[in-house]
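In: Quick one, fold the following:
(chains A, B, C and D)
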Amino acid sequence: MLIRVQTERFDAGSLLNMLSGADSDCGAVASFSGQVRGGNNLVALELEHYPGATEKALTRIAAHARTRWDLRQAMIIHRVGRMEIGEEIVFIGATAPHRRAALEAVSFMIDVLKTQAPFWKKEFDDQGARWVDARPEDDRAAARWLDDKEDASA
Amino acid sequence: MLIRVQTERFDAGSLLNMLSGADSDCGAVASFSGQVRGGNNLVALELEHYPGATEKALTRIAAHARTRWDLRQAMIIHRVGRMEIGEEIVFIGATAPHRRAALEAVSFMIDVLKTQAPFWKKEFDDQGARWVDARPEDDRAAARWLDDKEDASA
Amino acid sequence: MSITVRYFAALRERMGTAEEVIEPPEGTAADLIAWLVARDDQADALAHPSTRLIVNDEIVSREHALKCGDVIAFCPPFSGG
Amino acid sequence: MSITVRYFAALRERMGTAEEVIEPPEGTAADLIAWLVARDDQADALAHPSTRLIVNDEIVSREHALKCGDVIAFCPPFSGG
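Out: Alright, predicted model coming up:
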């Protein structure tokens, strides 16, 4: 399990390759990368977080995924600080003997991260800056996993 | 859309980075890599396919994903020939403005590939060789997408 | 009519050939299967419900009508990915 | 009792500080919110249902009983990922 919160840029491809080479009994590697999406005159993002609490929240999310699915590796890397359009924000990865576990665990981790980890995005555009609102669809996406306690890996 | 069937090894990390850098209006990149899983005395796999029909099937699967979700890129790379334990077999990737589309499209493409693309695996172990049977759970996984025609990206 | 028949994977090994050109009577894929089984007992595996048919690179059902020059492939269940 | 209060993101900007140490009466997080709002109108945003509370690095509900030395953070809805 690898959890990291960092200001430095990271290379998603290298992280994926770290996961892929880790275990010979793993048939499946799934990943999700979030990056700064251009549009609406966006110039940059600034990510604030709650040091200490963030790492604990991410560790809990990855550990929860590991109890729910048969995983070998689980990885969450999240950047904080200022990021330009196209820069990577977050990388989520999981490996498992079987594909359904890896794919569902990655969806689970990013959905739950959105509502359970203390990060805040501020958008900078040509008009100024504003905090990003929480999105009701993110709450619904997380609730889908957290309300439904049964193992969905079948 | 990038579709490739090849005997050569590929680097999943490089493919992921190709996707990540492609479009500035993409917030989300999802991937699935399948690799040869060790165990049961397996020594190697051999992948046979139907040249021409395979590429058409993969193209149809990626095109189907693009009509069903709002994607920017869709990529399916599948190897054929002999592969040792831990070697990559398949890489599936998708980019989209929003995460749900990228994640679901990747799950869709690997699930449908399993039952709709003419590939056959032969396993070599210390006893000899045998063709891999289709798995009923793969049929169910594909049916889940193909029976349910509504857009699940909401 | 002239039809090219291809066999893949376990069916290729069972039929002992990867490809042959045959001259069956006109009909559907199901008719062709019956014709092949009548010709050779070994071909009974072609009639198995799990066998998939690909005609001119497209997956088709057993009701598909064949025409002269078609390429039909007999495929065991797929196991890629 | 002595409590360290932290404010994040939009709430930090609204409260004009990132952290303060206060001496509220004993009680729950909800009691503390009422106390802070009574102290300063600006603090009404802390009472908004969307505000999340983190005590000693764990997300808690408004019924959570605070004890001396606790660190409570007031958090706008999270928007990471």
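
In: Over to the residue in chain A that chain C sits nearest to: give its phi and psi.
Out: The minimum distance from chain A to chain C, using C-beta to the nearest C-beta, falls at A:Arg99 (7.8 Å). Where you see a C-beta, it was placed from the backbone N, CA and C, and this is true even at glycine. Backbone geometry at A:Arg99, expressed as degrees, to the nearest 10, gives phi -70, psi -40.

In: separation between the closest residue to it other than its chain neighbours and B:Trp120?
Out: What sits nearest to A:Arg99 in space, not counting adjacent residues and going by C-beta to C-beta, 6 or more residues apart in numbering or on different chains, is A:Ala28, at 4.1 Å. According to C-beta to C-beta, to the nearest Å, A:Ala28 and B:Trp120 sit 20 Å apart.

In: Check A:Pro118 too.
Out: From A:Pro118 across to B:Trp120, the span is 49 Å (C-beta to C-beta).

In: again with A:Gly27
Out: Between A:Gly27 and B:Trp120 the distance, using C-beta to C-beta, works out to 17 Å.

In: now swap in C:Val5 and tell me
Out: C:Val5 is 17 Å from B:Trp120, where distance means C-beta to C-beta.

In: same deal with A:Glu123?
Out: As defined by C-beta to C-beta, A:Glu123 lies at a distance of 50 Å from B:Trp120.

In: which of those two has more neighbours?
Out: The neighbour count for A:Glu123 versus B:Trp120, taken as other C-beta atoms under 10 Å in any protein chain shown, is higher for B:Trp120 (24 against 18).

In: contacting residues around the nearest residue to A:Gly81 once chain neighbours are set aside?
Out: Excluding the flanking residues, the one nearest A:Gly81 by C-beta to C-beta, 6+ apart is A:Thr7, at 4.1 Å. Applying C-beta atoms under 8 Å, 6 or more residues apart in numbering or on different chains to A:Thr7 gives the contacts A:Arg79, A:Val80, A:Gly81.

In: which residues of the chain fall in strands?
Out: No chain in the question, so chain A it is. With DSSP state E as the criterion, chain A has strands at A:2-6, A:28-35, A:42-49, A:73-79, A:81-84, A:88-96, A:119-125, A:128-131.

In: try chain C instead
Out: Taking DSSP E, the strands of chain C run over residues C:3-7, C:19-22, C:52-55, C:58-60, C:71-75.

In: buried residues in the shortest one?
Out: Same thing as strand C:58-60. C:Ile59, C:Val60 (16 or more other C-beta atoms under 10 Å in any protein chain shown).

In: Per-residue pLDDT of C:Ala65, please?
Out: pLDDT recorded at C:Ala65 is 98.

In: hang on, the earlier thing: tell me the predicted confidence for the residue nearest to A:Gly81.
Out: pLDDT for A:Thr7: 98.

In: Okay, A:Pro136 and A:Glu55: tell me how far apart.
Out: For A:Pro136 relative to A:Glu55 (C-beta to C-beta), the value is 27 Å.

In: picking up where we left off before, can you tell me which of the contacts of A:Thr7 are buried?
Out: Looks like the contacts of A:Thr7 have A:Arg79, A:Val80 buried, using 16+ other C-beta under 10 Å.
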